[in-house]
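Engineer: quick one, structure for this:
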Amino acid sequence: MLLVLTLRSGLVASLDDAAEQRASDLGQLVAAGTLPVRLPQSGDLTEAQILGPDGRVVAATEGLKDDPPVVDASGARSGKLDDDERLKVVRGEPYTVVVVSSVGEIEEVIRRLSVALAVGLPILLAMLAGIVLALTRYTLRTVERLRRQVAAITATDLHLRVQPPPARDQVRALAETMNELLGRLEAAANAQRRFVADAAHELRSPLAALHAQLEVNLLHPDAARLADRLPGMLEDTARLARLVDDLLALARLDETSRPHRRELVDLDEVVFTQVAQLRAAGGSAARVTLSTAGVSAALVSGDADLLSRVVRNLLDNAVRYAGSRVEVSLTTHAGQVELVVADDGPGIPAEAAARVFRRFERLQDSRARDTGGSGLGLAIVHDAVLSTGGSVVVAPSERGARLVVRLPSAEVPELVPV
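Structural biologist: I've put the predicted structure just below:
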């Protein structure tokens, strides 16, 4: 409708302009005194008459030469004119120029265009709808195929992947994203299976040893022998308790839906407390010098119990493998708190710097069970530090291992007296 109305308006305006120009040209012809009886034709849509002072036709174009005047003395239209004919009248002295333009042909063109649009547009829309329907069905078939492929993947075959369609469009991007998701799920499932297998292996050893000692004591009840074996049994139960405690801590860290407590913690006080407890416990710490000369005041935001466990695990790991000395430093700079625990033991190879933070991970030269480690201490440190918004790395060291923990500082601004 907009096209038809715009086209008709433009054509009529163009016809009016041509009639006005025709009338102006004839007016100039009359003014010049050149007045032929038969006026020259100008186009097929306009005719002209020149009327004398008495209203009679003195000159006309071929189409109006035998017709009476198209206007009377008052300028009213003659009855001979059709409704679709338009007039342009230029009055002068002593002649009047009248140009008649017909919009009939324009109306015929508009009518034909309207009919063509009325017939063609539905056909065009039907073709367009068919194309859209075909493309939609093709896309939905591709999506349905992807859905069936994903529905066929179960927890036991996460190695399967969906087949991306050949077209490089959003559906292919969706398929590739699904494959990436399946890859992450497979990695997580494999990690969980390894974790369960390692936990079962770690729990089986002390349980088997404890069970064997209990069977021997049951078959050969002897108070003296029982008294000799009680320390070993107590050590096995303590090892089991530590392992279960570590597994519970990792399970809580994996439960990301539950936010950890947030409070201001004096990390230097935590370090001093853990060092004092370690010295009081004796054992491996008795043969090692624990230096806290580099510890300065530091304030962080986090869970106090979780941060205490981080410091204790770092100290336990350092004391276990240290030759004779463990140095602890705590500094604050550039909005970060840096805790460094370094020992003079065998150290950690560069290729194993990231691997030591995996669960149940032990280096080849420290796999002996007599060290008392389960391979979960540094894994707990890694997950706990990440949950607090920090990072932990194995820094290069000329001798021994050097573990660096960085946490966001929570320094309270000094109060300014007023």
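Engineer: and the gap between Asn217 and Ala209?
Structural biologist: Distance, Asn217 to Ala209, by CB to CB, to the nearest Å: 13 Å. Where you see a C-beta, it was placed from the backbone N, CA and C, and this is true even at glycine.
Engineer: cool, and Ser387?
Structural biologist: For Ser387 relative to Ala209 (CB to CB), the value is 34 Å.
Engineer: do the same with Ser324
Structural biologist: Distance from Ser324 to Ala209, by CB to CB: 31 Å.
Engineer: which of the two has more residues huddled nearby?
Structural biologist: Ala209 (17 against 10; other CB atoms under 10 Å).
Engineer: could you report the pLDDT at that one?
Structural biologist: Among the per-residue scores, Ala209 holds a pLDDT of 76.
Engineer: so what's it up against?
Structural biologist: 232, 236 (CB atoms under 8 Å, 6 or more residues apart in numbering).
Engineer: quick check: next helix or strand after the helix or strand encompassing it?
Structural biologist: Using DSSP states H and E, Ala209 sits within helix 170-219. Sequence-wise, the next helix or strand downstream of helix 170-219 (DSSP H and E) is helix 223-254.
Engineer: lowest-confidence helix or strand of the protein?
Structural biologist: strand 85-91 (a mean of 66; mean pLDDT, DSSP states H and E).
Engineer: what packs against the next helix or strand after that one?
Structural biologist: Per DSSP H and E, the first helix or strand lying C-terminal to strand 85-91 is strand 96-102. Packed against strand 96-102, as judged by 3 or more CB pairs under 8 Å, 6 or more residues apart in numbering; DSSP states H and E, are the following elements: helix 2-31, strand 46-51, strand 85-91.
Engineer: quick check: next helix or strand after the second one?
Structural biologist: Toward the C-terminus, strand 46-51 is succeeded by strand 57-60 as the next helix or strand (DSSP H and E).
Engineer: run the chain-centre distance for that next one.
Structural biologist: Chain-centre distance of strand 57-60: 82 Å, with CA atoms, centre = their mean, to the nearest Å.
Engineer: for that strand, output the C-alpha coordinates as PDB.
Structural biologist: In PDB, the C-alpha atoms belonging to strand 57-60 read as follows (Å, rounded to 0.1, in the frame of the first residue of the first chain):
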ATOM      1  CA  VAL A  57     -10.700  28.800 -29.100                       C
ATOM      2  CA  VAL A  58      -8.100  30.500 -31.200                       C
ATOM      3  CA  ALA A  59      -5.500  27.700 -31.100                       C
ATOM      4  CA  ALA A  60      -5.400  24.100 -29.800                       C
END
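Engineer: could you give the mean pLDDT of that strand?
Structural biologist: Averaged across strand 57-60, pLDDT comes to 76.
Engineer: helices or strands up against that strand?
Structural biologist: strand 46-51.
Engineer: low-confidence ranges in the protein?
Structural biologist: For the chain, the stretches flagged by pLDDT under 70 are 31-38, 40-45, 62-63, 66, 72-93, 222-227, 229, 255-260, 362-374, 412-418.
Engineer: quick check, central residue of it?
Structural biologist: Residue closest to the average C-alpha location in the chain (CA atoms, centre = their mean): Thr177, at 11.7 Å.
Engineer: distance check, it against Pro164.
Structural biologist: Computed as CB to CB, the Thr177 to Pro164 distance reads 10 Å.
Engineer: how about Gly323: what's its closest non-neighbour residue?
Structural biologist: Asp344 (4.6 Å; CB to CB, 6 or more residues apart in numbering).
Engineer: from what I can see that neighbour touches Ser324, true?
Structural biologist: Yes - counting by CB atoms under 8 Å, Asp344 touches Ser324, with 6.3 Å between them.
Engineer: how close does Glu215 sit to Leu207?
Structural biologist: 12 Å.
Engineer: which of these two has more neighbours?
Structural biologist: More crowded of Glu215 and Leu207, by other CB under 10 Å: Leu207, with 14 against 10.
Engineer: ok, and what's touching stretch 293-300?
Structural biologist: By CB under 8 Å, 6+ apart, stretch 293-300 touches 264-268, 271-272, 307, 327-332, 337, 339-340, 388, 407-412.
Engineer: now do the same end-to-end measure for that stretch.
Structural biologist: End-to-end distance of stretch 293-300 (CA to CA, to the nearest Å): 20 Å.
Engineer: relative to the whole chain's centre, how far out is that stretch?
Structural biologist: On CA atoms, centre = their mean, the centre of stretch 293-300 falls 40 Å from that of its chain.
Engineer: would you say Glu361 is within a strand?
Structural biologist: No - applying DSSP: H, G, I helix; E, B strand; the rest coil, one finds Glu361 to be coil, outside a strand.
Engineer: test my guess that it contacts Gly375.
Structural biologist: Yes - Glu361 lies in contact with Gly375 (CB under 8 Å); the separation is 5.2 Å.
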